[in-house]
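any chance you could fold what I've pasted below:
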Amino acid sequence: MQQELNSSTASDDLTTELCTELETDRKQKEKADTLWADFLKDVGSVPKKCHSDNAVSLSTCTTLM
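Residues are numbered from 1 along each chain as shown. Next up, the predicted model:
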């Protein structure tokens, strides 16, 4: 009976630890996503890259940005 209680407690401890880890990971990802969204909002839209095969010169492309 004591062994069953000990194994049950160990299993509960492991489950609690895993749940805590998953919650921490979720919070970190949420924080990173929020920071990234704030950064993109501050920077504005990302300009389209110039293609080397275009007839537009690089100086014209950078001035338009």
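
confidence score at M65?
Note on M65: pLDDT of 53.

any idea of the mean pLDDT in the host helix or strand of T34?
Secondary structure from DSSP states H and E places T34 in helix 2-43. On average, the pLDDT along helix 2-43 is 86.

which strands and helices sit next to it?
If you count contacts as 3 or more CB pairs under 8 Å, 6 or more residues apart in numbering; DSSP states H and E, helix 2-43 packs onto no helix or strand. Bear in mind the C-beta positions are built from the backbone N, C-alpha and C, glycine included.

if I look at A37, how far off is A10?
To A10, A37 is 41 Å away according to CB to CB, to the nearest Å.

likewise for L22?
Distance from L22 to A10, by CB to CB: 19 Å.

ditto for T20
To A10, T20 is 16 Å away according to CB to CB.

repeat that for E21.
As for E21, its distance to A10 is 16 Å (criterion: CB to CB).

burial count for S11?
Applying other CB atoms under 10 Å, we find 10 residues neighbouring S11.

cool, and E21?
10.

tell me how far it lies from S11.
Taken as CB to CB, the span from E21 to S11 is 16 Å.

try L40
Distance from L40 to S11, by CB to CB: 43 Å.

what about A37, distance to E30?
From A37 to E30 the distance is 11 Å (CB to CB).

same check, this time on T24
11 Å.

need the overlap of contacts for the two.
With contacts defined as CB atoms under 8 Å, 6 or more residues apart in numbering, no residue is shared by T24 and E30.

which element is K49 on?
Assigned by DSSP H and E, K49 falls within no helix or strand.

what's the local residue count around D13?
Residues within reach of D13, counting by other CB under 10 Å, total 10.

I'm done for today, thanks for sticking with me.
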